[in-house]
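Novice: next comes the sequence, and after it the predicted model I'd like to discuss.
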Amino acid sequence: MPSHWIRKDYLLNEAFELVGERLFGTDWRGYGAELKARKIESPADLKSARKPIETEIAACDEKLTNLKNEAAKTINEQRAVEIATERESLISERAKLRGHLVEKLSPSESYVRDYEAYQRRSKAEKILVSALSSGKIEAYCLHTMDVPDFFWRQERGFRYDIKLSIIWMPRTYSSERRESVRIRDKKFDVWLDTIAPIDPSKHPDLTPEDHARYWFSDITRSGPKEKSRNEYVQDMIDRYPGLSRKAAKRIWENEALPDWKKSGAPKKN
C-alpha cells in the first residue's frame, strides 16, 4: 500500500470516544456502550408515571378489603355470589396493574445504566458536533473532499452516523451521497486538550498541572479577574500539591485572557 494512503486521522466514532473519555473519565463505559445507547425515558419520569397506577392499586386493595369484610357478615346467598364475582374482577384488575408496574414502570439497574449511557452519549455528541459546526475541528471524506462546517448545522440533505463514521451529503453538493468521514487528528488533538473533564476526580491519570489548568480555565470563563497574577499562581500551588511555581506560571501565560494580562488592579464588584 502506498505510504500516502496511510491515515493517522480519526474516524468519527473514534473522535466521539475520545471526547467521551475526556468528559467522563472512568464513568465512560466505552466499547460501544454509549455509541449504541438509545433514547429512553428517565427513571425519574417512570417513577412519576407509577403514582396514578399505584393509586389505582391502593383503591383496588381498599375495595377488596371492604368486600372481604362484607362477605364475612352477609347471610344473603345472592349477595355472597355477587361479592365473589366482584372480588374476582378486582383481583384480575389489580394483577394487570401490578404487571404494568413491573414490566413497564420499574427501572432496573440495567435500565438506569442504559439511561445514563444515553445522557453521556448526548453530551459527547453535542460537544463534538458543535466543534465541527464552528470549524474548531475539521472533517473530510476519504479520498474526496472537506466537509463544510455549516453542513453540521442541520444543513438540509445532510446526515451523519457516528457509530458507522459515515455521512450523507446533499445531492446538490456531491454525487457521492454516502461517504466515510474522518477528522484531522492534529487540529482535533489541540482542541480536545481544551475540553475540561466534567469531574476531574474521574480521571486518575491527570497530573497536578492538568487539574490546575482545568481549574484556572474554568475561573477565566466564570467571571471577571478578581486577583493579581501572583495570587492566582499561588492559589494553584496551594490547591494542587505537587504543582511547581514554574508550571503554575505557565498555566497563567497559556490560559489567562488578554485583558487579564494587562497591568493594573483587578476589577472589584
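Specialist: Arrived safely. Numbers count the residues shown, from 1 in each chain.
Novice: ranges for the strands of the stretch 1-150 of the chain?
Specialist: Secondary structure of the stretch 1-150 of the chain, counting by DSSP state E, counting those that start in this stretch: strands at 10-11, 139-141, 146-147.
Novice: for residue 70, find the nearest of those strands.
Specialist: strand 10-11 (70.4 Å; CB to CB). In short, each C-beta sits where N, CA and C put it, glycine included.
Novice: give me the sheet partners of that closest one and which way each runs.
Specialist: Within its sheet, strand 10-11 is paired with strand 178-183 (antiparallel), according to DSSP bridges.
Novice: so what secondary structure elements neighbour the following helix or strand past the strand it pairs with?
Specialist: Per DSSP states H and E, the first helix or strand lying C-terminal to strand 178-183 is helix 185-192. Using 3 or more CB pairs under 8 Å, 6 or more residues apart in numbering; DSSP states H and E, the elements in contact with helix 185-192 are helix 12-24.
Novice: let's have the strands of the stretch 1-150 of the chain in TSV, adding distance to residue 185 and mean pLDDT.
Specialist: As requested, those are exported to TSV (distance: least, CB to CB, whole Å; pLDDT from 0 to 100):
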stretch	distance to residue 185	mean pLDDT
strand 10-11	6	94
strand 139-141	12	90
strand 146-147	15	88
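Novice: out of these, the one nearest residue 79 is which?
Specialist: strand 10-11 (74.2 Å).
Novice: who's in contact with the closest one?
Specialist: 18, 165, 180-183, 185, 188 (CB atoms under 8 Å, 6 or more residues apart in numbering).
Novice: check the offset of it from the chain's centre.
Specialist: 20 Å (CA atoms, centre = their mean, to the nearest Å).
Novice: can I get the strands of the stretch 1-150 of the chain in JSON lines with distance to residue 91 and mean neighbour count?
Specialist: Listed next are the strands of the stretch 1-150 of the chain as JSON lines, based on distance: least, CB to CB, whole Å; neighbours: other CB atoms under 10 Å:
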{"stretch": "strand 10-11", "distance to residue 91": "57", "mean neighbour count": "20"}
{"stretch": "strand 139-141", "distance to residue 91": "61", "mean neighbour count": "19"}
{"stretch": "strand 146-147", "distance to residue 91": "62", "mean neighbour count": "17"}
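Novice: out of those strands, flag the one nearest residue 119.
Specialist: Closest among those, once you apply CB to CB, is strand 10-11, at 23.2 Å.
Novice: just to revisit the earlier point, can you tell me which two in the contacts of strand 10-11 are farthest apart?
Specialist: Farthest pair in these (CB to CB) is 18 and 180. Separation: 17.9 Å.
Novice: who's more crowded, the two?
Specialist: residue 18 (20 against 15; other CB atoms under 10 Å).
Novice: ok, now which ones touch the more buried one?
Specialist: Shown in contact with residue 18 (CB under 8 Å, 6+ apart): 10, 188, 192.
Novice: beta partners for the first one?
Specialist: Residue 10 forms beta bridges with residue 183, as assigned by DSSP bridges.
Novice: count the neighbours of residue 158 for me.
Specialist: Burial of residue 158 is recorded as 17 neighbouring residues (other CB under 10 Å).
Novice: grab the nearest non-local neighbour of it.
Specialist: residue 151 (4.5 Å; CB to CB, 6 or more residues apart in numbering).
Novice: does the one you found touch residue 159 like I think?
Specialist: No: judged on CB atoms under 8 Å, residue 151 makes no contact with residue 159 at a distance of 9.7 Å.
Novice: can you list residues touching both of these two?
Specialist: With CB under 8 Å, 6+ apart, residue 151 and residue 159 have common neighbours residue 167.
Novice: separation between residue 188 and residue 19?
Specialist: Computed as CB to CB, to the nearest Å, the residue 188 to residue 19 distance reads 9 Å.
Novice: from residue 241, how far out is residue 229?
Specialist: Taking CB to CB, one finds residue 229 at 21 Å from residue 241.
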